[in-house]
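Enquirer: Sequence and predicted model, in that order:
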Amino acid sequence: AHRLVRQSPFNAKAARQTSFAGVEVMPLLEEDTTELEIPESELEVTTMRSSGAGGQNVNKVETGVRIKHIPTGLAVKCTDERSQMQNKALALTRLKAKLVVVLEEQRAAKLEDIRGDMVKADWGQQIRN
């Protein structure tokens with residue numbers, strides 16, 4: 001925090017005015033623009049029968065898909081489509097979205113560690129005048 005004391009040209013009594021400024025300095029980190037690739041060895045894919053209306057197809061064919069990301073423990077279940085391939089693709093998309101959120105939270109925590117404590121620009125916080 002920095003304190004500035006000056007005589008205002010707009011004040012008729014030529015009184016001293018005090019203002020404070022706070023500056024945050026952060027390193028530039030490169031953005032991860034690469035697509036999120038998940039190796040098949042980190043995935044546990046299980047199939048199940050879907051529920052709901054659908055006649056005999058629901059009772060005979062395992063179209064529901066559950067994908068678990070083993071390192072993080074995140075799991076996604078998808079029974080929206082009638083095809084197992086479509087459900088697997090949709091579940092994989094949802095799992096990637098969840099992993100991106102987790103990676104963003106980790107990145108935010110890393111930035112918070114770099115940033116340190118924020119000091120409020122106010123009376124008694126300045127180091128020098």
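Expert: Everything's here; your move.

Enquirer: Name the helix or strand for residue 65, please.
Expert: Assessed by DSSP states H and E, residue 65 sits inside strand 64-69.

Enquirer: list the buried ones in that strand?
Expert: By neighbour count on 16 or more other Cβ atoms under 10 Å, the buried set for strand 64-69 is 64-69. C-betas here are computed from N, CA, C, even on glycine.

Enquirer: Show me which of the residues you listed is closest to residue 87.
Expert: Nearest to residue 87 among these, counting by Cβ to Cβ, is residue 65 at 4.3 Å.

Enquirer: Can you verify my assumption that the closest one contacts residue 89?
Expert: No. Counting by Cβ atoms under 8 Å, residue 65 stays clear of residue 89, with 9.0 Å between them.

Enquirer: Break down this protein into its helices, ranges please.
Expert: Ranges of helices in the chain, per DSSP state H, are 56-60, 84-115.

Enquirer: Just list what the last one packs against, helices and strands only.
Expert: So the one you mean is helix 84-115. Applying 3 or more Cβ pairs under 8 Å, 6 or more residues apart in numbering; DSSP states H and E, one finds that helix 84-115 makes contact with strand 64-69, strand 75-78.
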